[in-house]
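Enquirer: Give me the fold of what follows.
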Amino acid sequence: MKEEVIHLIAEVLEIKEEQIHEDTNFIQDLEMESLDFVDLVAAFEKKYHIEILDKDIKTLQTVGDLIQYIEKKHV
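Expert: The predicted structure follows:
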């Protein structure tokens, strides 16, 4: 799961996978803007057939947070 998530993040943001780790912060480390996050959320919703609620998005600050969230939602 971790590798899949990192690969998709790298693909959506057009960056190298080596720049992404579980403790990577989306805003501080990857300098993501809100539009980037919308694209990222849409990609994960499509890939894993889940819905990432707006209220939950604010809690997803690191790649690890996103991995845990997807693991809980994707059954």
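Enquirer: Next up, phi/psi of Thr62, please.
Expert: Taking degrees, to the nearest 10, you get phi -120, psi 170 for the backbone angles of Thr62.
Enquirer: Quick check: chain neighbours aside, which residue is closest to the residue nearest the centre of the chain?
Expert: Central residue of the chain (C-alpha atoms, centre = their mean): Leu66, 5.1 Å from the mean position. Among residues not flanking Leu66 along the chain, Leu60 sits closest, at 5.0 Å (C-beta to C-beta, 6 or more residues apart in numbering). C-betas here are computed from N, CA, C, even on glycine.
Enquirer: Just to check, Ile57 is in contact with Phe37?
Expert: Yes. With contact defined as C-beta atoms under 8 Å, Ile57 reaches Phe37; the gap is 6.9 Å.
Enquirer: can you pull out the helices in the chain?
Expert: For the chain, the helices defined by DSSP state H cover 2-13, 34-48, 54-57, 63-73.
Enquirer: so which of these gets nearest Asp23?
Expert: Closest of the helices of the chain to Asp23 is helix 63-73, at 6.2 Å (criterion: C-beta to C-beta).
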